[in-house]
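A.B. asks: Fold the following, please.
(one chain, ligands or ions: 1)
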Amino acid sequence: MFKFWKKKPKPEETPVPATLATQTSLAEALSAAADNAQLSEIATLPEAGAVASAPAEFAAVEPAAPAAVEPVPAAVTPPPLPPLEEETPPAAETSAPARRSWRERLSGSAFARSLGTLFSRKPKLDEDLLEELETALITADVGISASTELVESLRKRLNRREFADADQLLAALRQALIALVQPIAQPLVMATQHKPFVVLMVGVNGVGKTTTIGKLARRYQQQGLDVMLAAGDTFRAAAVEQLKTWGERNRVPVVSQGSGSDAASVIFDALQSARSKNLDLLIADTAGRLHTQTGLMDELGKIRRVLGKIDAGAPHEVLLVIDGTTGQNAINQVRQFRAAIGVTGLVVTKLDGTAKGGVIFALAKEFGLPVRFVGLGESLDDLREFDATAFVDGLLPGAIGA
Ligand SMILES: Nc1nc2c(ncn2[C@@H]2O[C@H](COP(=O)(O)OP(=O)(O)OP(=O)(O)O)[C@@H](O)[C@H]2O)c(=O)[nH]1
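C.D. replies: The predicted model follows:
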C-alpha cells in the first residue's frame, strides 16, 4: 500500500500539502533507431580537479565513503552565486498571486506570437486560414504529425459548418491542444517505500539539469523532505561547485568527488550516505552528453547497475531535461536517453523567451511520456509542475480560456 510522505514543515514556512505517493513505472521498451539529426553541443572533456575532503562529522558517519558530503556550517560566508541560487522562495509556497502567469512567460514564444497575429486580423473561415494555421504550428515546433492531425480535425469540423467564426475555430483548437497534452501532465510522485527516493537527472549539455536540481531540491525541502544531492556531473567542475554552493546556502548536503571522477561512484556513495541518514530524497546530477558519445551513454547504464546493488529499483525516477528551444532534436534526445537508461519523466526548460513553444505537443504525440515540470524562466519560482490548461492558455491569443 502506498503512503503519504511524512510532512515536516519548518516553523518559518507555509506548509505545502504532502504528495500522494504512487510509484512511477520505469520506461518501457527501447525506441526505434535513432535518426540522423545533429544535436547542437558536444560535452567538454573531464577537467583535473582536487578531490574535496569530507568534513569531520560526515567522515565519522561514513568512513568508507570516498565522496565528500558537504553540509553547511551556520557561520559560513557563501561565495558569489550562480543564477540558480536565487534567494526568493517559490511564490507557490508564499504568495501565489505574485508569481508571473504562464501567459506572461509564454507570450514571447513563436507559437503565441504567430497565432496571435493570425487570429487578431479576424480571418475568414477558409482553407487559407487552415493552411496558415498548420504552417504556424509546424514552425512553432509542434511537429508535422501533430500539426497535420490537429488541422485535419479542424478541417472536418469546418466542413461540417461547426464554426460560425474564427474565434470558434480557435476555441476548438484550444480544446484539441489541451486534449493532446493533458495525458502527459503527470506530477512527480514518490513512493515512500523508497527511502531515499532517487531521482537521476539526465540530458544533453546546457539544458538546465544542474539549475533544475537546485530548484527541485528547494521545492521538496520546503515540503518538509530531507534532501541530498549527488554531484554526478563530474565533467564540469563548475557544475560541482554550483551544486555545492547551492547546497551550502540551503543546508542541503551535497556528495561530490573531484571533477573527472567516476559519476557512478559519486552517486553510489551518495545513495549509501542518504540511506544511512534515512533521508527522503536523493537527486543526482549527471554530465551533459550526446547520443554519439557511446562511452558516456554507457555510463548511464553503469549508474543504474551500480545503484541497483544498494536498491534494486533505483533510480526511481529518471528525469530527462529537454531545452525547450531545441526544436525537433528533442525527439531524438528522448529516443536516445530512453534507449540508454530508460526515462520516466521529462522536464522541459527555457520555454520562456525565444522558445518556439510547441515542442511539448510534439513530444506528447511521439512518446506520451509524462512531463513533470517545465522551466518558464531562471528563478526558483519559474520551475512549475506542468499544467496542460495553463500551458495552452499561455500560448493562445487572449480571449480564449484565459
Ligand atoms: N531562460 C531560462 N533559462 C534557464 C532555464 N532553466 C535553466 N536555464 C539556464 O540554462 C543555463 C544552463 O543551465 P545548467 O543548469 O548549467 O545546465 P546543465 O544541463 O546542467 O549543463 P551541463 O552541465 O553543461 O550539461 C543556465 O544559465 C540556467 O540559468 C529556464 O527555464 N529558462
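A.B. asks: what about Met228, which helix or strand?
C.D. replies: strand 227-230 (DSSP states H and E).
A.B. asks: Taking the stretch 201-350 of the chain, what residue is nearest to the ligand?
C.D. replies: Gly288 (2.5 Å; Cβ to the nearest ligand atom). Any C-beta I mention is one placed from the backbone N, CA and C, and that applies to glycine too.
A.B. asks: Which residue is the nearest non-sequential neighbour of that residue?
C.D. replies: Asn205 (3.1 Å; Cβ to Cβ, 6 or more residues apart in numbering).
A.B. asks: What helix or strand is that neighbour located in?
C.D. replies: Using DSSP H and E, Asn205 sits in no helix or strand.
A.B. asks: neighbours around it, how many?
C.D. replies: For Asn205, the count of nearby residues is 19 (other Cβ atoms under 10 Å).
A.B. asks: Repeat that for Pro183.
C.D. replies: Using other Cβ under 10 Å, Pro183 has 11 neighbouring residues.
A.B. asks: quick one: buried residues of stretch 278-292?
C.D. replies: Across stretch 278-292, burial judged by 16 or more other Cβ atoms under 10 Å covers 279-291.
A.B. asks: so the residue of the stretch 201-350 of the chain closest to the ligand sits in a helix?
C.D. replies: No: with DSSP: H, G, I helix; E, B strand; the rest coil as the criterion, Gly288 is coil rather than part of a helix.
A.B. asks: picking that back up, quick check: phi and psi at the residue nearest to Gly288.
C.D. replies: Here is the backbone geometry of Asn205 (degrees, to the nearest 10): phi -70, psi 140.
A.B. asks: do the one 5 residues further on as well
C.D. replies: Recorded main-chain torsions at Thr210 are phi -60, psi -40, according to degrees, to the nearest 10.
A.B. asks: Tell me the backbone dihedrals of the residue lying closest to Val207 once chain neighbours are set aside, please.
C.D. replies: Ranked by Cβ to Cβ, 6+ apart and with sequence neighbours excluded, the top spatial neighbour of Val207 is Asp323, at 4.2 Å. Dihedral angles of Asp323 (phi, psi; degrees, to the nearest 10) stand at phi -80, psi 120.
A.B. asks: do the one 4 residues further on as well
C.D. replies: For Gly327, the backbone dihedrals (degrees, to the nearest 10) come out as phi 80, psi -150.
A.B. asks: OK, contacts around it?
C.D. replies: Shown in contact with Gly327 (Cβ atoms under 8 Å, 6 or more residues apart in numbering): 141, 356, 359.
A.B. asks: Was I right to think the second one contacts Gly108?
C.D. replies: It stands for Lys356. No: look at Lys356 against Gly108 with Cβ atoms under 8 Å: they stay out of range, at 10.6 Å.
A.B. asks: These two - which one has more neighbours?
C.D. replies: Lys356 (20 against 15).
A.B. asks: helices or strands next to the host helix or strand of Ala176 in the packing?
C.D. replies: Using DSSP H and E, Ala176 sits within helix 166-181. Secondary-structure packing of helix 166-181 (3 or more Cβ pairs under 8 Å, 6 or more residues apart in numbering; DSSP states H and E): helix 110-120, helix 127-139, helix 144-159, helix 359-366, helix 388-395.
A.B. asks: Ramachandran coordinates for the closest residue to Asp165 other than its chain neighbours?
C.D. replies: Distances taken as Cβ to Cβ, 6+ apart place Leu125 nearest to Asp165, at 6.7 Å, with adjacent residues excluded. Note on Leu125: backbone dihedrals following degrees, to the nearest 10 are phi -80, psi 90.
A.B. asks: Then Lys350?
C.D. replies: Torsion angles, degrees, to the nearest 10, at Lys350: phi 60, psi 30.
A.B. asks: related to what we said a few turns ago, pull out the buried residues from the helix holding Ala176.
C.D. replies: Buried residues in helix 166-181, counted by 16+ other Cβ under 10 Å: 166, 169-170, 172-174, 176-178, 180-181.
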